[in-house]
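Trainee: Pasting a predicted model and its sequence here:
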Amino acid sequence: MGIGPILPGRIPASLFTGQLEQNLAVANRQLAHLQNQIATGQRFFLPSESPAEAARAILLQSTIERKLQMQANVQIDQSLLGVSESALATVGNSLNEAKAILLSGVGDALSATDKVALADEIAAILQGVQNAANTKFRGRYLFGGSESQELPFELMADGFVRYNGDGQSLNSFVDFDLLVANNVDGATAFGALTPPVGADLDTALTLDTKIADLHGGAGVELGSIVVTVDDTVNPVQSVTVDLSNAETIQDIKTILENAFAGPAPNLTVDVDPTSKNGIRLTPSGGTVAVTDIDGSTVAADLGITSPATAVINGADLDPTVTLLTKLADLNNGAGVAQTAGKGLLFTNGQSSVAVDISSAITVEDLFNAIREENLDLNLEINQAGNGLAISSRLSGAGFSIGENGDTSAADLGIRTFDSSTRLGDLNFGRGVPVNTLDENGDLLPAILEITRRDGTTTNVDLKGLSTVQEVIDAITAVDGNLTASLNSVGNGISIVDTSGAGPLIVPAGLVSTALGLDGEETGVDNTIPLVGTEVHSREAGGVFNILVRLEKALRNQDDAELTRLDPLLDAEIERFNSVRAEVGSRLQLLDEIENRLLDEEVALQEALSEEFDTDLTTAITQVASVTAALEATLRIAATTLRLSLLDFL
């Protein structure tokens with residue numbers, strides 16, 4: 001890199017002077033560059049100075065910047081989860097306090113006044129838990145899900161607690177392709193929603209169905225298949241058909257039919273009208289066969305792989321339910337009852353509202369019709385993608401969905417009391433006393449007493465029964481005049497007795513009350529039923545539900561409710577501790593990631609230094625070399641270019 005002194009020899013003075021000036025300029029530039037390297041620590045300043053090293057340095061700098069941002073993300077996540085864990089610890093302690101109060105409140109050891117005092121303690125605990133659940137940090141509510149700017153938990157005037165958030169996670173990148181949630185939503189942390197109501201709605205396949213919505217939303221990765229049509233008259237047509245551009249069943253139909261649109265034999269493709277869930281291939285005559293090409297499963301995934309046959313009736317493609325799914329396509333194309341003025345009956349806490357869904361075309365229309373009533377419900381497609389998922393946002397309240405004169409709720413798979421409902425699940429799990437054993441281990445009678453309209457009394461023994469349908473069958477089997485069925489409005493069991501014109505009475509008793517059948521119908525029209533009451537409301541099983549119900553049970557001195565809540569509180573404490581453990585695991589993961597990122601930063605900085613930083617020893621040596629050469633050149637120039645008057649003669 002250094003330059004030696006320049007000897008003039010016999011070079012003309014003008015040429016020597018120009019060469020000298022040029023070399024002096026080069027030397028000065030080299031010296032300035034070296035001085036800049038030493039002053040800044042940078043080996044180069046423009047990519048063109050060292051293209052290969054510059055490319056590597058730019059990549060390393062970009063990686064370091066991204067890693068530094070990830071370190072910042074980790075630190076923010078640690079702070080958010082740390083405060084969340086602290087709030088959860090407060091709630092965990094409160095649950096343990098509530099357990100001690102519950103145990104002391106059961107039985108007759110305490111007076112009514114003492115139990116009211118315990119209820120006041122639970123009310124204070126409830127307020128503290130609500131404050132913890134509404135913790136705000138870094139400008140957002142920690143337990144609101146993605147609704148982080150709205151107060152998550154609100155104590156209502158009727159004593160219920162409403163969850164205003166959702167079940168979404170807030171994620172951040174803590175490393176390349178690694179997302180970690182930095183929140184715990186209130187539904188997960190506090191069990192703030194009732195278990196979702198919904199069932200498989202068996203969506204029918206249509207030509208509009210998207211390929212991505214098949215197999216419960218897993219879709220099909222399309223490619224080529226081999227279709228062979230032999231009508232025994234014309235030459236056999238065997239065509240490799242590329243379906244990769246198809247987006248809907250209609251696209252598949254069009255592509256396959258176009259592949260055989262020439263001379264016979266031809267092919268017709270449609271939805272199997274019998275099953276309504278698969279693709280049907282029908283040749284113009286003879287047989288059709290479909291196979292996959294080697295290494296492919298497209299035909300198999302579409303359910304149409306088949307040896308030569310007259311018609312291929314494809315397998316069930318199990319289309320998922322989406323917001324755009326038409327109600328008419330549910331229940332394998334049978335649709336949903338949508339009678340004007342009827343529809344669904346929602347009961348949530350103290351509100352009972354009928355929702356007319358007669359104008360709804362799609363699932364989204366259905367949800368919008370329900371949302372308009374402001375019923376404090378959470379409306380979603382279930383995780384399996386085959387039905388609805390409707391939950392209540394109220395803790396401490398009962399929630400149910402019934403009919404309002406037709407079969408809409410059952411058709412939508414959301415009726416909370418139906419013929420398959422188990423008797424053991426009624427009355428918030430207290431059940432119906434139909435399986436009580438005597439001292440010998442035999443079932444005791446479980447008598448449902450009915451005073452008939454003709455004045456007689458019928459005792460129906462329900463011992464050993466397990467479902468609502470079995471109860472309905474047992475009542476109906478008494479004689480031709482007595483008929484039981486599900487309520488046509490709301491939920492419960494209705495009884496019709498045409499034996500006479502007197503009152504129809506079901507006296508209160510353990511069995512009748514548990515079934516919601518105690519009551520009477522005194523009208524003279526014996527076609528009017530005695531309508532039972534709701535005994536299968538759903539409830540949120542989480543922290544707030546238990547505390548609200550515990551306070552109420554203590555104030556009402558309801559030992560039966562306290563006894564029911566005892567195992568529920570134990571289960572909730574265990575569940576809640578698992579939530580805390582999961583948050584702790586995430587914090588531990590973030591600590592490990594932070595340490596790894598710091599180690600990686602050191603390694604990346606070292607690599608960048610090797611590519612970009614100045615080697616001071618080498619640079620200083622080069623400065624000395626260039627300086628010495630420059631000084632020698634200047635001395636020679638001073639001597640050589642010393643002018644006299646003779647130089648101008």
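Mentor: Perfect, I can see it now.
Trainee: Show me the domain layout of the protein.
Mentor: Taking automatic domain parsing as the domain assignment, the ranges for the chain are 1-41+614-649, 63-143+542-598, 211-313, 327-416, 447-531.
Trainee: Tell me which of those sits most buried.
Mentor: domain 327-416 (a mean of 19; mean count of other Cβ atoms under 10 Å). C-beta here means a position set from N, CA and C on the backbone, and glycine is covered the same way.
Trainee: Can you give me the first-to-last residue distance of that domain?
Mentor: For domain 327-416, the first and last residues are 20 Å from each other (Cα to Cα, to the nearest Å).
Trainee: one step back: the domains of the chain: which one's closest to N164?
Mentor: N164 lies closest, by Cβ to Cβ, to one member of the domains of the chain: domain 327-416, at 7.4 Å.
Trainee: gap between the closest one and the chain center?
Mentor: Relative to the chain's own centre, domain 327-416 is displaced by 20 Å; criterion: Cα atoms, centre = their mean, to the nearest Å.
Trainee: now swap in stretch 259-268 and tell me
Mentor: 45 Å.
Trainee: for the domains of the chain, which one sits closest to F153?
Mentor: Here domain 63-143+542-598 is closest among those (Cβ to Cβ), at 4.7 Å.
Trainee: what's the helix or strand for the nearest residue to G509 once chain neighbours are set aside?
Mentor: In space, G509 comes closest to E449 once its chain neighbours are excluded; the distance is 6.4 Å by Cβ to Cβ, 6 or more residues apart in numbering. Per DSSP states H and E: E449 is located in strand 447-451.
Trainee: between the domains of the chain, which one is nearest to F428?
Mentor: Nearest of the domains of the chain (Cβ to Cβ): domain 63-143+542-598, 6.6 Å.
Trainee: Mean confidence (pLDDT) on the closest one, please.
Mentor: Across domain 63-143+542-598, pLDDT averages out at 96.
Trainee: gap between the two ends of it?
Mentor: 13 Å.
Trainee: In a strand, A308, correct?
Mentor: Yes. The assignment for A308 (DSSP: H, G, I helix; E, B strand; the rest coil) places it in a strand.
Trainee: thought it was touching D230?
Mentor: Yes. Contact criterion Cβ atoms under 8 Å: A308 and D230 qualify, at 6.7 Å.
Trainee: Need the overlap of contacts for these two.
Mentor: Overlap of the contact sets of A308 and D230 (by Cβ atoms under 8 Å, 6 or more residues apart in numbering) consists of T287, V288, A289.
Trainee: Run the chain-centre distance for whichever strand or helix holds the second one.
Mentor: Same thing as V288. Using DSSP H and E, V288 sits within strand 287-292. The chain centre lies 39 Å from the centre of strand 287-292; the measure is Cα atoms, centre = their mean.
Trainee: And the next helix or strand past that strand?
Mentor: helix 298-301.
Trainee: Touching that following helix from outside, list them.
Mentor: So helix 298-301 is in contact with 214-215, 220-226, 243, 290-292, 305, going by Cβ under 8 Å, 6+ apart.
Trainee: out of those residues, which one sits closest to V468?
Mentor: For the contacts of helix 298-301, the nearest to V468 is H215 (33.7 Å; Cβ to Cβ).
Trainee: Quick check: Y141 touching L151?
Mentor: Yes. In this structure Y141 lies within contact range of L151 using Cβ under 8 Å: 6.6 Å.
Trainee: Quick check: neighbours shared by the two?
Mentor: N134.
Trainee: thought D438 was touching P445?
Mentor: No. Assessed by Cβ under 8 Å, D438 is found out of contact with P445, at 9.9 Å.
Trainee: who's more crowded, the two?
Mentor: P445 (12 against 9; other Cβ atoms under 10 Å).
Trainee: Could I get the contacting residues of the more buried one?
Mentor: D461, K463.
Trainee: how far away is it from A123?
Mentor: 43 Å (Cβ to Cβ, to the nearest Å).
Trainee: How about F428?
Mentor: 21 Å.
Trainee: ok so, going back, is the residue nearest to G509 bridged to anything, and to what?
Mentor: On the basis of DSSP bridges, E449 is bridged to N459.
Trainee: Now do it, the pLDDT please.
Mentor: 97.
Trainee: Equivalent analysis for S48, please.
Mentor: Value for S48, per-residue pLDDT: 72.
Trainee: From P47, how far off is the closest residue to it other than its chain neighbours?
Mentor: Excluding its sequence neighbours, the residue lying closest to S48 (Cβ to Cβ, 6+ apart) is A54, at 7.9 Å. Distance, A54 to P47, by Cβ to Cβ: 4 Å.
Trainee: isn't L60 right next to E601, touching?
Mentor: No. The pair L60 / E601 is not scored as a contact, 11.0 Å apart, by Cβ under 8 Å.
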